[in-house]
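Chemist: The following comprises the amino acid sequence and a computationally predicted model.
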Amino acid sequence: MQKNWDLKRLIFNISSLVHLGQEVTSSKGFNEKIKGALYVVTGIFSIPRAALLIYNSRLHSLDLLTSKGLKGIDGTILRIEHRHIKVLKKNEIYSIKELQNNPFYKQNETAFKTLQTRTFIPLFVKEEFLGALSLGRRLSRTSYLQSEADTLRAIANQISTTLHNSNLFKRLARKATENKKLYENMRHIYHNTVQAFAAAIDAKDVYTKNHSNRVAKISVAIARELSWKDKDVEGIYIAGLLHDIGKIVLDRVVIRSKNLTNAEMDEIRKHPKISYDIISKIKFPWKDISDFVRHHHERIDGKGYPDSLRDKELSDGAKIIALADAFDAMTTERPYQKKRTLNEALIEIKECLGTQFDGNISKAFFKTIQKEIKGELKDPQVLPYLDKDFDPSIIIMLLEGIIAELSA
């Protein structure tokens, strides 16, 4: 029962962060973004009253930027001096009781009562103080569970970055090129949030540390070689990060086991469907992510799982993640096998063409590695994660032969 509740909470938290990510990276105006972000926060944690304040460095004050559910608060400000800021922990969650003996609270007690503050979160990006979140009493429990606190900190980071980027945007006189950079910065924060969930999955097993990140990077490299649109490349990156999210409900001992029983193997083979059940409930801005995740253990010959689909029934995205996942498993230590050299892994992929792997997808993968070894790609996605104990000339010769064969 507890596992089901944890799973529901996980789905809700990811969905909420995705929603917030869409808010702060949308094309809306700054005020709309900020108001939307605050409403996401209050919705997640059942808080009917809240306010977002922005730091005015000239007047040494926190000025009201937007609010929800509060009346008669126009003109409410909090006086905050440099000495107050120095003792505040970055993006940390303070209950009002924790602040009551602080000189900052005593100087602003009336304002805190006007805002009906129960939780206060100072917002920073690195050393820059940007503002604060004032959250009122919750409709449910008064305190925050650890998972809720982690999600709230992630949200504070996103809002801080949005405020920071807005300030930067103003200082740079709204230049078009800098506007794009600001958008990219907000996207990176969103990606970092999803990466945190992927890291939590991989942490269940020492053998799969950073596995999801590597699969995501390899998938991106293949998609780019296939000339996918930027938006679709971003989608497969997110799918790669979350492809194993279903393992979060599996027993840690089963995942680490070297010799699995049939029952344990059946349990592990449930994870693509569990991942799909989680992902399909989340409204992502990219299509087909749930399909990619569900079918990343399918094979071209129909002998994969969970649906035993064959070649034409599988999307290119599913085929890409299947190859990226298998290649990373081959080239890293696992409890059931020793890692292969790059040469051995490439030969195995070649031998499995038409049975496990798609020829066109594999050809794009081989071309990617060839280009990375030759230094033709500015942003290599595969080689940085591999051991450097291979002879580049031998690998290039091998790849040229395979590519020529596939092109015939």
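Modeler: Noted; the coordinates are in hand.

Chemist: For the stretch 251-400 of the chain, give me the ranges with low pLDDT.
Modeler: For the stretch 251-400 of the chain, applying pLDDT under 70 flags the ranges 251-259, 335-336.

Chemist: Let's see that with 80 instead.
Modeler: Across the stretch 251-400 of the chain, residues meeting the criterion (pLDDT under 80) sit at 251-261, 264, 282-285, 334-337.

Chemist: in it, which spans are helices?
Modeler: In the stretch 251-400 of the chain, the helices defined using DSSP state H, counting those that start in this stretch lie at 252-256, 262-268, 271-279, 289-294, 316-330, 342-351, 359-374, 392-407.

Chemist: can you redo those helices as TSV with distance to residue 104 and mean neighbour count?
Modeler: Backbone N, C-alpha and C define where each C-beta goes, glycine included. Formatted as TSV, these follow (distance: least, C-beta to C-beta, whole Å; neighbours: other C-beta atoms under 10 Å):
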stretch	distance to residue 104	mean neighbour count
helix 252-256	43	13
helix 262-268	52	12
helix 271-279	41	22
helix 289-294	44	23
helix 316-330	49	24
helix 342-351	57	17
helix 359-374	52	20
helix 392-407	59	14
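
Chemist: Return the distance of the helix or strand harbouring residue 166 from the chain's centre.
Modeler: Element membership of residue 166, judged by DSSP states H and E, is helix 146-171. From the chain centre to the centre of helix 146-171 is a distance of 15 Å (C-alpha atoms, centre = their mean, to the nearest Å).

Chemist: Residue 141: neighbour count?
Modeler: Neighbourhood size, residue 141 [other C-beta atoms under 10 Å]: 10.

Chemist: quick one on the thing from earlier: for the helix holding residue 166, packing partners?
Modeler: For helix 146-171, the elements it packs on are helix 2-24, helix 30-44, strand 119-125, strand 128-135, helix 176-202, judged by 3 or more C-beta pairs under 8 Å, 6 or more residues apart in numbering; DSSP states H and E.

Chemist: For that helix, buried residues please.
Modeler: 148, 151-167, 169 (16 or more other C-beta atoms under 10 Å).

Chemist: Now it: average pLDDT?
Modeler: Averaging pLDDT along helix 146-171 yields 78.

Chemist: Got phi/psi on residue 220?
Modeler: phi -60, psi -40 (degrees, to the nearest 10).

Chemist: what about it, how many neighbours?
Modeler: Counted with other C-beta under 10 Å, the neighbours of residue 220 add up to 22.

Chemist: Next up, the contacts around it.
Modeler: Shown in contact with residue 220 (C-beta atoms under 8 Å, 6 or more residues apart in numbering): 233, 236-237, 240, 381.

Chemist: and with 6 Å instead?
Modeler: Going by C-beta atoms under 6 Å, 6 or more residues apart in numbering, residue 220 touches 233, 237, 381.

Chemist: Taking those, please make a ChimeraX selection of just the buried ones.
Modeler: In ChimeraX syntax, the buried subset of the contacts of residue 220 is picked out as below (16+ other C-beta under 10 Å):
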select :233,237,381
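
Chemist: Looking at the contacts of residue 220, spot the one nearest residue 264.
Modeler: Among the contacts of residue 220, residue 237 lies closest to residue 264 (C-beta to C-beta), at 30.9 Å.

Chemist: Output the helix or strand harbouring that closest one as PDB, nothing but the C-alphas.
Modeler: According to DSSP H and E, residue 237 maps onto helix 230-242. Extracted C-alpha coordinates of helix 230-242, given in PDB (Å, rounded to 0.1, in the frame of the first residue of the first chain):
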ATOM      1  CA  ASP A 230      15.500  20.100 -32.300                       C
ATOM      2  CA  LYS A 231      12.200  19.700 -30.400                       C
ATOM      3  CA  ASP A 232      12.100  16.000 -31.100                       C
ATOM      4  CA  VAL A 233      15.700  15.600 -30.100                       C
ATOM      5  CA  GLU A 234      14.900  17.200 -26.800                       C
ATOM      6  CA  GLY A 235      11.900  14.800 -26.400                       C
ATOM      7  CA  ILE A 236      14.100  11.700 -26.900                       C
ATOM      8  CA  TYR A 237      16.600  13.200 -24.400                       C
ATOM      9  CA  ILE A 238      13.900  13.300 -21.800                       C
ATOM     10  CA  ALA A 239      12.700   9.800 -22.700                       C
ATOM     11  CA  GLY A 240      16.300   8.500 -22.300                       C
ATOM     12  CA  LEU A 241      16.500  10.100 -18.900                       C
ATOM     13  CA  LEU A 242      13.300   8.500 -17.700                       C
END
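
Chemist: quick one: it to helix 316-330, angle?
Modeler: Here helix 230-242 runs at an angle of 40 degrees relative to helix 316-330 (axes from the mean of the first three to the mean of the last three C-alpha atoms, to 10 degrees).
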